[in-house]
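Novice: just coords:
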């Protein structure tokens, strides 16, 4: 084993590069009912490396310019699902969207996701979204005695529902759905995705019950197949396909 | 102000909190208070796996797992706790499978297992496949599965409630827990939760580092709340630096990448881990690999124009294997670096990852007021706690295991205690501390800014108490932290409102980080040896004669109001394993 030498070796000084920073305009939808009844747009000029995330820009604004700007965020790399917002008119996660991919020479618009009540700036009321999720029985149901070891499941059976296990409940899909915007009773794509995750799990025994829930007038038949949800999903889930598979299962009762 | 009364209150809804909640809700009237929606918790960011000696794919047993855990922790692990962790691991994994967790499967349909750092066959002979996994989304699947089962069990959540104070009442000379005080994000309202039992499961405190895999929200609120109330924190100098964070960003790239065959290379393309760990190579324990990376960088073999990183090379692995086993981390490389991992190596550097230390507990999850005395009604589990199963360095996959084993234990113990105990009477003005803090910050007009102090905090921590430490660097950190803590008194915020005031909460979180950073630095200064994640260049060897003991840090307040950190020590529980030199 080599003995590590702890003396610091002089690193070769890098060539002075051109500054990577640009000035981008962020046009943000602001709303604070404590201060004013109406929402409005506010522009912020941000010095930023275009390889950084929209979330980095929002932090620069909040931390160095205007502490009242309010949004949710946590993990900052697309896993926790906190920061879904409408960026340049499309639903995305702020932490997974790089500035350079947004044509930053023009103002970048940032708004709250649609279809859920705005509470302050980019924060919306997530309760209706989670209620729809809870309503589809989003948990494994099995009857009879449990095995002493794990249940067996073939790799193929496990693969059958892999896509829908990726959901992080960020609401990007549901809040991109025109049907959901117009009809608050519709379960929305995310709830159907989470029903799909169990309906097609070979270990689950409550598929029929979930299908009946989704056979409701506010259920899966409301989907108009606009594919907005699939485009919006930051996890790359084929949401519309999952909804179609649930529809097909309702017709054939095979899943 | 509202007062609520529950049997059991759980603080935090990550893996440990929800595993506790599933047990506690069955046994007692339980509330879960969480500053994030449960599925936002950072358990979801864990990737590689959860260790359990299922022996589904090759010979293995829990005794080997116990040994690896103790050796991995550089013998600072309490061996009775490690034995429980390894033994109960098997049921913990099987329980999750029965709850619905979609593990990857073997061709026979059993739970598949992969290699991970420091996990070995027969006491270090060779790597063993012990990590049960679901692609590189194991934490995501655990978080989702536990939340699903919380929905199933009807667990009562108070979402976006920040617990900011722990109520401790002294009854007949014994410190007891009376409940907690929480701040509701949506309204700014203060809530007092009186509870017979309180379980802290509020996660880590890695956000005092700049390059870190931790979420913005990991600010040690639980640790800070109990510490402020005179309870100790254990082994806070031990912090894990995960070897493979995305260069400069710190985003985690799982050790499972090396478990699947990934290799670390320096600028010459050399597989340098062969020099540092001839047997386990790239799968040596994380502290060993992180030091090796920085040694390569310091000796001029780092990559890039500034020579400040090394490569994680996956290019020799078949694209199908990367797609099936490592889909998320390969996507991170594409999204954040614009790199195609099929063909190009990924620039990485060690990233601040996990607090081995925390609120001291026994194996039932009961919080300790000193080396031996339990605080009746107070529990902790997961990263916020220190049992100590991780000692001086946690093995990969043992944290997802820890939250399940000790989350379950704490949930059961808390609810069983609540079934027999009465509520402790609330102190007078229970909300006084939180109201005082909130009002002080709302009214403050000082010139210091939260973001600036946090930047300076993170910079001094990265510079002075990271992978390599010396007396001089730690002292520099201690001095800087004293300055920052003084300046924090003059901090002011811009948002003076009540509704969703995250400006205010970031200020409170910064206060917690500053308190904990000081505890860490002072604990590190006193530990004049190198052990696990704590490496002192001025004391490069482990010193079992003087330092085979846990650090216990207490907050002391002098008559004039000055605060100091007092250090005491606690013996390590040793059962069957005698300390040996650690080689991989």
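Specialist: That came in fine, so what should we check first? This structure is a prediction, so every number in the text was calculated from the model and none was measured.

Novice: tally up the residues packed near the nearest residue to residue B:62 once chain neighbours are set aside, please.
Specialist: When the adjacent residues along the chain are set aside, residue B:62 lies closest to residue B:86, with 4.2 Å between them (CB to CB, 6 or more residues apart in numbering or on different chains). (Each C-beta comes from the backbone N, C-alpha and C, glycine too.) By the other CB atoms under 10 Å in any protein chain shown criterion, the neighbourhood of residue B:86 contains 27 residues.

Novice: what does the one 4 residues further on give?
Specialist: Residue neighbour count, defined by other CB under 10 Å, stands at 18 for residue B:90.

Novice: and residue 206, what's its pLDDT?
Specialist: If you meant another chain, say so; for now it's chain A. At residue A:206, the pLDDT value in this model is 97.

Novice: that's the wrong chain, I wanted chain B
Specialist: 98.

Novice: likewise the one 5 residues further on?
Specialist: You'll see residue B:211 listed with a pLDDT of 98.

Novice: what's the answer for residue B:110, then?
Specialist: Looking at residue B:110, its pLDDT reads 98.

Novice: would you quantify the distance from it to residue B:316?
Specialist: When CB to CB, to the nearest Å is the yardstick, residue B:110 and residue B:316 sit 28 Å from each other.

Novice: which one of those two is surrounded by more residues?
Specialist: A count of neighbours by other CB under 10 Å puts residue B:110 above the other of residue B:110 and residue B:316, at 20 against 8.

Novice: which ones are touching that one?
Specialist: Contacts of residue B:110 were listed using CB atoms under 8 Å, 6 or more residues apart in numbering or on different chains, and they are A:149-150, A:152, B:54, B:56-57.

Novice: what does the strand or helix carrying residue B:484 contact?
Specialist: When secondary structure is defined by DSSP states H and E, residue B:484 falls within helix B:471-488. The contact list for helix B:471-488 (CB under 8 Å, 6+ apart) reads B:448, B:453, B:456-457, B:460-461, B:463-465, B:510-511, B:514-515, B:517-518, B:521-522, B:524-525, B:528, B:536, B:538.

Novice: surely the residue nearest to residue B:62 is in a helix?
Specialist: Yes: under DSSP: H, G, I helix; E, B strand; the rest coil, residue B:86 falls within a helix.

Novice: re earlier: which ones among the contacts of helix B:471-488 map onto strands?
Specialist: Secondary structure defined by DSSP state E assigns none of the contacts of helix B:471-488 to strands.

Novice: buried ones among those?
Specialist: With neighbours counted using 16 or more other CB atoms under 10 Å in any protein chain shown, the contacts of helix B:471-488 contain these buried positions: B:448, B:453, B:457, B:460-461, B:464-465, B:510-511, B:514-515, B:517-518, B:521-522, B:524-525, B:536.

Novice: the residues you listed: which ones sit near chain A?
Specialist: Under the cut-off given by CB under 8 Å from any CB of the partner chain, chain A has nothing from these close to it.

Novice: switch the contacts of residue B:110 over to TSV; also include distance to residue A:186 and neighbour count.
Specialist: Conversion of these to TSV gives the following (distance: CB to CB, whole Å; neighbours: other CB atoms under 10 Å in any protein chain shown):
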residue	distance to residue A:186	neighbour count
A:149	41	14
A:150	37	23
A:152	37	15
B:54	43	21
B:56	43	21
B:57	45	16
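
Novice: what's the local residue count around residue A:252?
Specialist: Residues contacting residue A:252 under the criterion other CB under 10 Å number 8.

Novice: check residue A:19 too.
Specialist: Residue A:19: 8 surrounding residues under other CB under 10 Å.

Novice: do residue B:267 as well
Specialist: Taking other CB under 10 Å as the neighbour definition, residue B:267 ends up with a count of 16.

Novice: do the same with residue A:183
Specialist: By other CB under 10 Å, the burial measure for residue A:183, its neighbour count, is 13.

Novice: apart from its neighbours in sequence, what residue is nearest it?
Specialist: residue A:222 (6.8 Å).

Novice: secondary structure element holding the residue nearest to the spatial centre of chain A?
Specialist: Within chain A, the residue whose C-alpha comes closest to the C-alpha centroid is residue A:170; the distance, by CA atoms, centre = their mean, is 3.2 Å. Element membership of residue A:170, judged by DSSP H and E, is empty: it is in no helix or strand.

Novice: residue contacts, the residue nearest to it when sequence neighbours are not counted?
Specialist: Nearest residue to residue A:170, sequence neighbours excluded (CB to CB, 6+ apart): residue A:81, at 3.4 Å. If you count contacts by CB under 8 Å, 6+ apart, residue A:81 has them with A:93, A:168-171, B:39-40.

Novice: what do you get for residue A:244?
Specialist: So, once contact is read as CB under 8 Å, 6+ apart, residue A:244 ends up touching residue A:225.

Novice: assign residue B:240 to helix, strand or coil.
Specialist: The three-state assignment at residue B:240 reads strand, by three-state DSSP.

Novice: which residue is the nearest non-sequential neighbour of it?
Specialist: In space, not counting the residues next to it along the chain, residue B:240 is nearest to residue B:354; the distance is 4.1 Å by CB to CB, 6+ apart.

Novice: could you report the pLDDT at the closest residue to residue B:453 other than its chain neighbours?
Specialist: For residue B:453, ignoring the flanking residues on the chain, the nearest one in space by CB to CB, 6+ apart is residue B:484 at 5.5 Å. Residue-level confidence at residue B:484 comes out at 98, pLDDT.

Novice: tally of neighbours for the residue in the stretch 101-250 of chain A that chain B sits nearest to?
Specialist: Checking the stretch 101-250 of chain A residue by residue against chain B with CB to the nearest CB singles out residue A:140 as nearest, at 3.0 Å. When neighbours are counted by other CB under 10 Å, residue A:140 registers 23.

Novice: residue contacts, it?
Specialist: Residue A:140 neighbours (CB under 8 Å, 6+ apart): A:198, A:201, A:203-204, B:98-100, B:148.

Novice: for residue B:421, give me phi and psi.
Specialist: Its backbone dihedrals place residue B:421 at phi -100, psi 160, with angles given as degrees, to the nearest 10.

Novice: and the pLDDT for it?
Specialist: If you check residue B:421, the pLDDT there is 97.

Novice: quick check: the gap between the residue found closest to it once you drop the neighbours it is linked to in the chain and residue B:486.
Specialist: The spatially closest residue to residue B:421, leaving aside those adjacent along the chain, is residue B:196, at 4.8 Å (CB to CB, 6+ apart). When CB to CB is the yardstick, residue B:196 and residue B:486 sit 39 Å from each other.

Novice: what does residue B:132 give?
Specialist: With distances defined as CB to CB, the gap from residue B:132 to residue B:486 amounts to 48 Å.

Novice: ok, the two, which is more surrounded?
Specialist: In this comparison of residue B:132 against residue B:486, neighbours counted by other CB under 10 Å, the higher total goes to residue B:132 at 31 against 10.

Novice: would you confirm that that one contacts residue B:119?
Specialist: No: the criterion here is CB atoms under 8 Å, and residue B:132 misses it with residue B:119 at 11.6 Å.
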